[in-house]
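Q: Curious how this folds, go ahead:
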Amino acid sequence: MTAKKTMLKIAAFAAALTLTTGAAIPETLLSAIPVTASAEESYTTGTEGNLKYMKYSDHVEISGGDLSATSIEIPDTIEGVPVTAIGMNAFCGYSSVESVTIPDSVTDIGNYAFNMCTKLKSVKLPANLKTVGIRAFEYCTALTTVEFPDRVVEFSSKVFDGTPWIQEQREKGPLVIINGALIDAQDAKGDVVIPSEVKYVAASAFARNMDITSVVYPEGVSKISDNTFFYCSNLTSVEAKGATTIENMAFAYCDKLTSLKLSENLKSIDSYGFSDAKGTATITFYGTKESWDAVEKSASDQFLQRATVVFEEYVPTSGPEFLKGDANIDGSVDMSDVVMVMQAYLNPAKYGVNGTSEDRITSDGEKAGDVDGNSGLTANDALMIQRYSLKLIDTL
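A: This next block holds a predicted model:
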């Protein structure tokens, strides 16, 4: 298992622990394991101005800096290598920091990266940002302005909790949605239908919300993230027909959960997905028994053992809930979609809808990627998406 996958498991557990106890996570638990590196990669450390960094063969990760600095300016390259990540805890507790500049080369911001930067008033997130880790900007008690890239960003648990910015957003409505990502639903009540514009629901989005009773996902959302419904003690029903994965602690302690609607899109259920959920549910599976049996899941999961599984014909909702050409369903059409289409075309056993890779294309991604309409993904689809992303053609 790579260091990144190990840390994702630890981080999800840590987030759940914090949600349960309210206690800060010991720094020994969330140590400086790189955001983007695997166990096989090696790196060298160095300094650049008031920054510390780890340099790999193809990218640089910022790991910290001068605690007394009032401003942080992250360059887009160091030693000729692109800076793509801000590491876990990198600037956590830097109470002197008032401003930060993050280049568009950065795609990942790690867990707790700017946590407790109490003088930080505004931040502009980079255009190519893909993921933001657990509580990255939590307790930035002066943070009132956040500029987001025009794309779907995968936010983890409680990224902006304890900031004036998130409080202002909650006052506008119960669902805080930014460019297709639902990042907070702490004030939602009763029966919730997530709008079709949403393509991603953040980890812990509903966690500890005692007021919700049911939630319906749009089919464009491909996973139920870590801790999404952690300790939602009055939640009785969830419909998520587009979900391909149910992640760690997603329904932990949801004792009243009695109805779950899923489809043959589903490929895996984390072994702790229903941890300590004491209820007995009816799972309506829109697909065949063979498809349900093929879902990767724990044979010892008590919640699944108690559940009654009912099989019904899968009838997708009318009309596409995806952007044409957006094969990786991230809300934009770019070269990463070209790569995904070519992978699925050249190696369907690994990257196709029913492939073995964690990075396989989803069923909605396959539909979005089939831009020429000629039944299935081909090299021509990849070529058309490439031409569109390079602005050589105007439409797909």
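
Q: List the buried residues in whichever helix or strand residue 342 is part of.
A: Element membership of residue 342 [criterion: DSSP states H and E] is helix 335-346. Going by neighbour count (16 or more other CB atoms under 10 Å), the buried part of helix 335-346 is 336, 337, 338, 339, 340, 341, 342, 343, 344, 345. C-beta here means a position set from N, CA and C on the backbone, and glycine is covered the same way.

Q: C-terminal to it, what's the next element?
A: According to DSSP H and E, the helix or strand after helix 335-346 is helix 348-351.

Q: then that following helix to CSV, C-alphas only?
A: The C-alpha atoms that make up helix 348-351 are tabulated as CSV, following Å, rounded to 0.1, in the frame of the first residue of the first chain:
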residue,chain,number,x,y,z
PRO,A,348,-10.6,-1.7,-20.8
ALA,A,349,-9.9,-4.7,-18.4
LYS,A,350,-8.0,-2.2,-16.2
TYR,A,351,-9.5,1.2,-16.9
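
Q: sorry, back to before: now tabulate the buried residues of helix 335-346 in TSV and tack on distance to residue 313 and pLDDT.
A: Formatted as TSV, the buried residues of helix 335-346 follow (distance: CB to CB, whole Å; pLDDT from 0 to 100):
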residue	distance to residue 313	pLDDT
336	34	91
337	30	92
338	34	94
339	34	93
340	29	93
341	29	94
342	33	94
343	30	93
344	26	93
345	29	92
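
Q: Name the nearest of these relative to residue 193.
A: Minimum distance to residue 193 across those is 28.4 Å, recorded for residue 337 (CB to CB).

Q: got the contact list for the closest residue to that closest one other than its chain neighbours?
A: Excluding its sequence neighbours, the residue lying closest to residue 337 (CB to CB, 6 or more residues apart in numbering) is residue 327, at 4.2 Å. By CB atoms under 8 Å, 6 or more residues apart in numbering, the contact list for residue 327 reads 337, 340, 341, 344, 361, 365, 366, 368, 369, 377, 385.

Q: Swap in 6 Å and give it another go.
A: Residues near residue 327 by CB atoms under 6 Å, 6 or more residues apart in numbering: 337, 340, 341, 365, 368, 369.

Q: show me where the stretch 151-300 of the chain has strands.
A: For the stretch 151-300 of the chain, the strands defined by DSSP state E, counting those that start in this stretch cover 154-155, 176-178, 181-184, 190-193, 200-201, 212-216, 223-224, 237-239, 245-246, 259-263, 268-269, 282-286.
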